[in-house]
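Colleague: sequence? don't have it. structure:
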């Protein structure tokens, strides 16, 4: 570093993606993929990816503070990750993929903590921000073939970026920079996941095994596959509004099927590798209930088929929406 440049270090899952995002920012002089935070020296990719070395995949950034502030780097960082998920990022699971901010000075620590708290209070995310802010430790550059991966392998990088669910999530999360923070804060308070004991007490065995363990109910032997009344379907655990009868269609599969959710922000998508080829699992955002899967064989206008377990849903008829606290969704039937 010269006298003007400074260092910043961020971990946000796959370092290919984080490195690529920062290299596009004016004022960033260098972005290097590597490993930090572990117990052994000079770890290899194999050791880190196994999750046993204690390191995370990270990117060390050299930047010119006269052209880009540390706060500006943080703004970019938040827009590349799911800051509410400390157990990994998108389809990359494990502590080696958790999001972390490594500060290089007391000033960076204070700026990062303010930025994190402001984001948490904004109401943009329905779950609390769960990203650690810790002192920077020794950074080990990754192997040469990992550096600048997106430029060396553009097609494979694009497939990876999309296939892990990162691209879809970020598009949904940041599609509207003018999000009504007050409305989202209200939803955060209204929809929540109860303690496990309460969930177990409230749900039937089938409902519990579907939502909490990812099981699948029997086709044609469930509550809503043939439900034709007007109304909405909410998460059986949290009450989050998920699907509307206006978007329901008969897929002939024996499960309730929809062309789209009521609001994308209450749906998360994850790669499911239990079958070949992999499927896209659908979960509720705040309760994190397993709902079903989404397929690209649905009718117009979306071409999608959200194939959902009845056991994950509770149906509220149109004439009960006001009584149940969903009066704002009556407009769906105008």
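Modeller: Yes, it's here. Since this is a predicted model, take the numbers as computed values, not measurements.

Colleague: Could I get the full set of strands for the stretch 151-300 of the chain?
Modeller: 231-235, 241-244, 248-249, 257-258, 267-272, 279-284, 290-295 (DSSP state E, counting those that start in this stretch).

Colleague: which ones are touching the closest residue to residue 318 other than its chain neighbours?
Modeller: Spatial nearest neighbour of residue 318, excluding adjacent residues (CB to CB, 6 or more residues apart in numbering): residue 230 at 4.1 Å. In short, each C-beta sits where N, CA and C put it, glycine included. Counting by CB atoms under 8 Å, 6 or more residues apart in numbering, residue 230 touches 245, 246, 317, 318, 333.

Colleague: any idea which of those residues is closest to residue 143?
Modeller: For these, the closest approach to residue 143 (CB to CB) belongs to residue 246, at 51.8 Å.

Colleague: Now do the contacts for that closest one.
Modeller: Per CB under 8 Å, 6+ apart, neighbours of residue 246: 230, 332, 333.

Colleague: at 10 Å what do you get?
Modeller: Residue 246 is in contact with 230, 231, 232, 258, 259, 260, 262, 318, 332, 333, counting by CB atoms under 10 Å, 6 or more residues apart in numbering.

Colleague: May I see those residues arranged in JSON lines, with pLDDT and distance to residue 296 as well?
Modeller: Listed next are the contacts of residue 246 as JSON lines, based on pLDDT from 0 to 100; distance: CB to CB, whole Å:
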{"residue": "230", "pLDDT": "97", "distance to residue 296": "27"}
{"residue": "231", "pLDDT": "97", "distance to residue 296": "27"}
{"residue": "232", "pLDDT": "97", "distance to residue 296": "24"}
{"residue": "258", "pLDDT": "97", "distance to residue 296": "14"}
{"residue": "259", "pLDDT": "96", "distance to residue 296": "12"}
{"residue": "260", "pLDDT": "95", "distance to residue 296": "13"}
{"residue": "262", "pLDDT": "93", "distance to residue 296": "20"}
{"residue": "318", "pLDDT": "95", "distance to residue 296": "29"}
{"residue": "332", "pLDDT": "91", "distance to residue 296": "24"}
{"residue": "333", "pLDDT": "91", "distance to residue 296": "27"}
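
Colleague: Show the buried residues in those.
Modeller: 231, 232, 258, 259, 260, 262, 318, 332 (16 or more other CB atoms under 10 Å).

Colleague: Which single one of those residues is nearest to residue 151?
Modeller: For those, the nearest to residue 151 is residue 260 (35.4 Å; CB to CB).

Colleague: gap between the closest one and residue 152?
Modeller: 37 Å (CB to CB, to the nearest Å).
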